[in-house]
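Participant: Task: produce atomic coordinates for the following.
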Amino acid sequence: MTSSVKFWFAWGVGLALIMVLVVWGLLQWNLSNYTRMVSDRLLLLGELRRGAVQQYFSTAEAELRFWSTNPQMLGVQKSLNGIWDGASASVVAEQVLDSYVQSNPNPVGFFLNLDDAMDGTAYSELHGVMHPRAKLFVTQRGYYDFFLIGPAGDILYTVEKEADFTTNLETGQWRNSGLAEVYQRAKKERREGTIAISDIQAYAPSEGAPAIFMATAMHDTGGEFLGVIAFQLPTDRILGIMNYTSGMGETGETYLVGQDLLMRSDSRFSDASTLLSQEVDTSTVALALEGAEGVQLTLDYRAVEVMSAYLPMQVGDARWAVMAEIDKAEIAQGAARERPAMAGILSFVYALSLWSLWYWRGREQFAGGDLQLADLDFPDADGPGFGA
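Facilitator: Have a look, this model is predicted:
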């Protein structure tokens, strides 16, 4: 092997090794930088989802507070209390139930379409005035039901007229339900104007559908306790917020988890609803339920390694974990998409380095050759060796 070949081989291999080290370092930096970017985005997504759910609850609280202090609604509540107190509560309940449920001309699920049973009772006269407004409010604002509950726990009015209508939340069969829970708390803390919120629970009178209840006390101008007003919130709005996946790639998702480690929303990866059925017992969920927030790699409920952003959210007396996650494999694929551009740049740098070496080595050789030519002692053209 000639010295020139050895020279180019040594420098070529040396530059190649240097470029390998540079490439490895750049790839690590690129992966780390891309991972950090995804981490920040996941945390932001979690914060946005939490803010949207909290805003939904805040709006419902404001509307509930408005109706609880509305003079017309207070007048209706007083009148209902008077009707229930004017005779045996069981007799009134039986009559009202017959008029608006058992003899209702509408099919089950559409009892709300009856505004006035026209039975000549004081209850129907009052119902015919206030029900159209309450029904319009519930349907347009996206609530499931609207309740007026007496001081002793009797459900005096509902929009939907389901199995809980006219029952008692202190002694009846639904005394352990989410509705009874918020009623009891609103009644107990009525002096503070507390708005009680339940966790998501299956509610039997609504055919076991998951529901959230919100309630607060009602008082007249003299401070007398008139009863409790409550909303039944469906889960559709929360599911819509958490299931929004635009811009989250193929594996990104956000979801909620309760203190019982069951989902409070649906999984992106399941065709069936996972609300109150999918258990999520992961390290990041545990941290969120303890009140912490952050981002880390962990195995998710599918046993897949993900980057998991976790945040806590208070819902009444309960705490939820707000989760935003994406598969680690997708993060690596995202970082790899930038490699072709990097490879082109590095190939150019490597070629430029070799060309620069060739160029400067050529200049040195040429300069050295000029000096040797100058030192040669050529014979005169007239001297020996030229001509005869």
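
Participant: Can you read off the pLDDT for residue 20?
Facilitator: Model confidence at residue 20, given as pLDDT, is 57.

Participant: what's the helix or strand for residue 146?
Facilitator: strand 145-149 (DSSP states H and E).

Participant: can you check residue 73 too?
Facilitator: Judged by DSSP H and E, residue 73 forms part of helix 71-85.

Participant: and the angle from that helix to strand 145-149?
Facilitator: 60 degrees (axes from the mean of the first three to the mean of the last three CA atoms, to 10 degrees).

Participant: Next secondary structure after helix 71-85?
Facilitator: Helices and strands here follow DSSP H and E; after helix 71-85, the next one along the chain is helix 89-97.

Participant: continuing past that next one, what's the next helix or strand?
Facilitator: Defined by DSSP H and E, the subsequent element after helix 89-97 is helix 122-141.

Participant: quick one on the thing from earlier: send the alpha carbons of the helix holding residue 73 over as PDB?
Facilitator: What follows is helix 71-85, C-alpha atoms only, in PDB (Å, rounded to 0.1, in the frame of the first residue of the first chain):
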ATOM      1  CA  PRO A  71     -87.800  34.700  43.200                       C
ATOM      2  CA  GLN A  72     -90.200  32.800  40.900                       C
ATOM      3  CA  MET A  73     -88.500  29.500  41.600                       C
ATOM      4  CA  LEU A  74     -88.600  30.200  45.300                       C
ATOM      5  CA  GLY A  75     -92.300  30.900  45.000                       C
ATOM      6  CA  VAL A  76     -92.800  27.500  43.200                       C
ATOM      7  CA  GLN A  77     -90.900  25.700  45.900                       C
ATOM      8  CA  LYS A  78     -93.000  27.300  48.600                       C
ATOM      9  CA  SER A  79     -96.200  26.300  46.800                       C
ATOM     10  CA  LEU A  80     -95.000  22.700  46.400                       C
ATOM     11  CA  ASN A  81     -94.100  22.500  50.100                       C
ATOM     12  CA  GLY A  82     -97.600  23.800  50.900                       C
ATOM     13  CA  ILE A  83     -99.200  21.200  48.700                       C
ATOM     14  CA  TRP A  84     -97.200  18.400  50.300                       C
ATOM     15  CA  ASP A  85     -97.800  19.700  53.800                       C
END
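
Participant: Report the mean per-residue pLDDT for that helix.
Facilitator: Computed over helix 71-85, the average pLDDT equals 93.

Participant: Point out the other helices and strands that that helix packs with.
Facilitator: With contacts taken as 3 or more CB pairs under 8 Å, 6 or more residues apart in numbering; DSSP states H and E, helix 71-85 sits against helix 122-141, strand 145-149, strand 155-158, strand 209-219, strand 225-233. Where C-beta positions appear, they are placed from N, C-alpha and C, glycine not excepted.

Participant: Figure out which of these is closest to residue 304.
Facilitator: Closest to residue 304 of the helices and strands packed on helix 71-85, according to CB to CB: strand 209-219, at 25.9 Å.

Participant: Name the residues of the closest one that are buried.
Facilitator: By 16 or more other CB atoms under 10 Å, the buried positions in strand 209-219 come out as 210, 211, 212, 213, 214, 215, 216, 217, 218, 219.

Participant: Assess the claim that the second one and residue 230 are in contact.
Facilitator: No. In this structure, residue 211 sits apart from residue 230 without contact. The criterion is CB atoms under 8 Å, and the distance is 11.0 Å.

Participant: where do the strands sit along the protein?
Facilitator: 145-149, 155-158, 196-197, 201-203, 209-219, 225-233, 253-257, 294-299, 305-315, 318-327 (DSSP state E).

Participant: Ok, which of the ones you listed comes nearest residue 134?
Facilitator: strand 145-149 (5.2 Å).

Participant: now that closest one, how far from the centre of its chain.
Facilitator: 29 Å (CA atoms, centre = their mean, to the nearest Å).

Participant: just use 33 as the starting number from now, easier for me
Facilitator: Taking 33 as the first residue, the last one we looked at is strand 177-181.

Participant: Can you tell me what sits against it?
Facilitator: Around strand 177-181, the neighbours that count as contacts under CB atoms under 8 Å, 6 or more residues apart in numbering are 108-109, 112, 166, 169-170, 187-192, 194, 201, 211, 215, 238, 247, 259-264.

Participant: if we can go back for a sec, now the strand holding residue 178 against strand 257-265, angle please.
Facilitator: Using the same axes, to 10 degrees: strand 177-181 against strand 257-265 is 160 degrees.

Participant: List the strands paired with strand 177-181, with their directions.
Facilitator: strand 187-190 (antiparallel), strand 257-265 (antiparallel) (DSSP bridges).
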